[in-house]
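Undergrad: sequence unavailable; structure follows:
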């Protein structure tokens with residue numbers, strides 16, 4: 001684990017990152033851990049915009065990165081809106097950071113991951129050179145239609161649909177104008193194969209983000 005110092009054994013997530021990004025320095029003993037400071041990519045959007053379907057199309061086709069669905073980690077104990085779901089988002093940053101030690105960046109597909117405030121303020125954000133955000137969006141009526149077609153066990157109630165329409169609008173009206181901005185990709189009446197192709201291209205373009213290779 002990156003957070004455990006190999007020299008003094010202390011657990012510290014708040015290591016100092018050397019300016020060139022090649023070392024994480026223990027604030028207790030000064031030990032320098034060489035690592036790859038890679039970009040993190042996030043594909044987000046409200047339910048019904050196509051995240052999971054696009055991920056299914058891209059798994060196995062993008063081998064320069066590890067593509068993961070954020071829902072695989074979700075557990076009831078993470079459902080803490082009072083603290084902004086802190087443990088959930090910090091857990092994902094920690095996983096992506098440790099995968100990055102192997103030299104492979106991570107692309108996380110998940111709704112809340114696309115709200116920059118959920119990640120940018122976390123202590124382990126420092127281990128990534130950049131976080132790139134892409135949100136799939138579509139027309140309100142399209143989201144409603146897609147969610148209503150889901151099987152009942154998925155819980156697409158009227159309140160849930162209304163909430164997802166509001167979230168979709170947030171990406172368009174707020175997220176895209178924020179800092180860092182969330183890029184938008186409209187999936188309304190677009191074949192999933194075409195959407196997946198555009199997302200794949202976006203991933204490859206942002207993997208070119210300069211990163212520092214580890215020393216030694």
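TA: Looks like it arrived, so ask away. Remember, predicted model here, so these are calculated numbers, not experimental data.
Undergrad: residues near residue 48, how many?
TA: Using other CB atoms under 10 Å, residue 48 has 24 neighbouring residues. Yep, even glycine has a C-beta here, placed from its N, CA and C like the rest.
Undergrad: distance of it from residue 26?
TA: When CB to CB, to the nearest Å is the yardstick, residue 48 and residue 26 sit 45 Å from each other.
Undergrad: domain boundaries for the protein, per the record?
TA: With domains defined by automatic domain parsing, the chain comprises 1-35, 37-206.
Undergrad: least confident of those, on average?
TA: Lowest mean pLDDT of the domains of the chain: domain 1-35, a mean of 89.
Undergrad: quick one: buried residues of it?
TA: By 16 or more other CB atoms under 10 Å, the buried positions in domain 1-35 come out as 2-3, 5, 12-13, 15, 17, 21-26, 31-33, 35.
Undergrad: now stretch 134-146
TA: Per 16+ other CB under 10 Å, stretch 134-146 contains these buried residues: 134-138, 140, 142-144, 146.
Undergrad: okay, how far is it across that stretch, tip to tip?
TA: 20 Å (CA to CA, to the nearest Å).
Undergrad: excluding chain neighbours, what is closest to residue 96?
TA: In this structure, residue 96 finds its nearest non-sequential neighbour in residue 106, 4.0 Å apart by CB to CB, 6 or more residues apart in numbering.
Undergrad: same question, residue 41
TA: residue 107 (4.3 Å).
Undergrad: what about the strands in the chain?
TA: 16-17, 23-25, 32-34, 40-45, 66-69, 106-109, 131-137, 183-186 (DSSP state E).
Undergrad: remind me what the fifth one packs against, helices and strands.
TA: The helices and strands touching strand 66-69, judged by 3 or more CB pairs under 8 Å, 6 or more residues apart in numbering; DSSP states H and E, are helix 51-58, strand 106-109.
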